[in-house]
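**Student:** sequence first, then the predicted structure:
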Amino acid sequence: MPDPDSVLVEVEAHLVAVLGEDSGRAGVSFVGADRVDVLRFGPDPDGLVRYATVGMSRAPMADPGADLVADSGPRAELILSVRGGQDSALRRLAVLAATPAVEGVVVTPGAGLDLGEPLWDGGRFTAVLVGEPGGLVPDLVVEGAEPVRFLPVLPMTPNEAAWKRVHGAAALEGKWLGQALDLRDPQRPEADLA
């Protein structure tokens with residue numbers, strides 16, 4: 001099993017290689033869990049700011065009820081893209097990244113993660129839909145472990161999160177796509193779920 005600190009060094013180097021030098025960072029420590037850093041990248045020429053966690057991949061994710069070897073399982077980090085940026089999302093994104101360590105869940109594409117509070121100050125999105133990896137940041141191969149996947153998180157309103165729980169992630173993504181919603185716009189309207 002690779003050294004957790006060396007995995008995080010590789011993760012940060014990989015993010016910088018893909019997204020450029022970070023333009024800020026914040027670290028959050030949780031009782032009973034290790035520190036999670038969130039790096040800020042951008043804005044890019046299109047005005048997008050990316051927030052990427054560094055710390056979630058320290059250990060493999062595993063369901064505590066599953067009969068798995070302690071050093072096996074998927075590793076991941078989260079990436080949030082916001083037009084114009086919302087730096088108050090840093091701490092909340094770290095909370096989401098701590099979910100596997102604190103709650104013993106495996107975060108996978110299609111999962112919904114609910115904060116129970118706005119994702120950023122004054123925002124109306126209180127949950128995120130976990131997207132498919134490999135688009136913005138390719139997987140990072142780690143020697144002696146499963147690759148680290150960089151999972152985009154897409155903000156959801158409370159109504160969208162409730163609708164997704166009933167109809168599934170693919171159906172919600174279909175609504176967003178069909179209505180041409182810019183999921184990176186912090187002011188975007190809620191999807192018409194009728």
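**Tutor:** That came in fine, so what should we check first? Numbering: from 1, shown residues only.

**Student:** for the most centrally placed residue in the chain, give me its contacts.
**Tutor:** Closest residue to the average C-alpha location of the chain: Leu78 at 2.5 Å, with C-alpha atoms, centre = their mean. Contact analysis of Leu78 by C-beta atoms under 8 Å, 6 or more residues apart in numbering lists 52-53, 56, 93, 96-97, 107, 130, 150-153. Every residue, glycine included, has its C-beta placed from N, CA and C.

**Student:** run the last query once more with 7 Å
**Tutor:** 53, 56, 93, 96-97, 151, 153 (C-beta atoms under 7 Å, 6 or more residues apart in numbering).

**Student:** narrow these to those that are buried.
**Tutor:** Neighbour-count burial (16 or more other C-beta atoms under 10 Å) applied to those gives 53, 56, 93, 96-97, 151, 153.

**Student:** quick one: these as a markdown table, columns for pLDDT and distance to Lys175 too.
**Tutor:** Below are the buried ones among the contacts of Leu78 laid out as a markdown table (pLDDT from 0 to 100; distance: C-beta to C-beta, whole Å):
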| residue | pLDDT | distance to Lys175 |
| --- | --- | --- |
| Thr53 | 98 | 27 |
| Met56 | 94 | 28 |
| Leu93 | 96 | 24 |
| Leu96 | 94 | 22 |
| Ala97 | 94 | 27 |
| Leu151 | 98 | 21 |
| Val153 | 98 | 17 |
